[in-house]
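Chemist: I'll drop the sequence and a predicted model, then ask my questions.
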Amino acid sequence: MTDRWTLVLPFKGGPNAKSRLSAPAGLATAIALDCLDAVLAAERVETVVVVTADPLLAADARDAGALVRGESRPGSGLPAAIEDGLRGLDRPCAVLLGDLPSLRPADLDSALQRASEALTTAADGSDAAPSMVFVPDADNVGTVLLAALRPSAMRPSFGPDSARRHAESGALRLDLDLPRLRRDVDTQADLEAARGLGLGKRTLSFVG
């Protein structure tokens, strides 16, 4: 099993991030930075690569200790940003979506341990372990975490109905009992659910 991972976090940032929340512009940044704090504090994470076209968010992420990459194709969306983040990596890696304001370091450590176990042990006892694993979101439709032991094995397919697409691509689904990891936030209802799990300090300062 691998003990240390590189995490790629694509952050949209800017005034149009999380527009469905109908919330102050800074809320999306607060959510992203709370998520980043948890990732940086996780014991199994060695390097964090943040990809964003937002200069203010980039500066905050760099100050926090992340490696920051700009988007090579600004405005091209999440797949292009993830591609930028994975480029040049040469160790076990995972893509984590950055809209997890309730995430705690222990949640991520637990998920990465399970990912490591699953990627090195075939579920059916054969010699063929899966090349990728993913953790679905709380609604079992999207994906919050996608992991592989080699960047070349990564086949990200984030977006609507990504859980189904990742499963169809051969990734092993991990239905982990980690509600704070799986609670991404796109709507006010999501935010209220995350509040019940405990928000990070920045997000909490916006929503009270």
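Modeler: In hand now; what should we look at? Residues are numbered from 1 along each chain as shown.
Chemist: Point out the other helices and strands that the helix or strand of the chain with the lowest mean pLDDT packs with.
Modeler: Least confident helix or strand of the chain, by mean pLDDT, DSSP states H and E, is helix 201-207 with a mean of 91. Helix 201-207 sits against helix 26-41, helix 188-197, with contacts defined as 3 or more C-beta pairs under 8 Å, 6 or more residues apart in numbering; DSSP states H and E. The way it works is simple: take the backbone N, C-alpha and C, and place the C-beta from them, glycine included.
Chemist: Highest mean neighbour count out of those helices?
Modeler: helix 26-41 (a mean of 23; mean count of other C-beta atoms under 10 Å).
Chemist: Which residue ranges of this structure form strands?
Modeler: Under the criterion DSSP state E, the chain contains strands at 5-10, 45-51, 67-69, 93-96, 133-136, 143-148, 172-173.
Chemist: Format the CA atom coordinates belonging to the second one as PDB.
Modeler: The C-alpha atoms that make up strand 45-51 are tabulated as PDB, following Å, rounded to 0.1, in the frame of the first residue of the first chain:
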ATOM      1  CA  VAL A  45      -1.100  13.700   1.700                       C
ATOM      2  CA  GLU A  46       2.400  14.700   0.700                       C
ATOM      3  CA  THR A  47       1.700  17.300  -2.000                       C
ATOM      4  CA  VAL A  48      -1.300  19.400  -2.900                       C
ATOM      5  CA  VAL A  49      -1.700  20.800  -6.400                       C
ATOM      6  CA  VAL A  50      -4.300  23.500  -6.700                       C
ATOM      7  CA  VAL A  51      -5.400  24.500 -10.200                       C
END
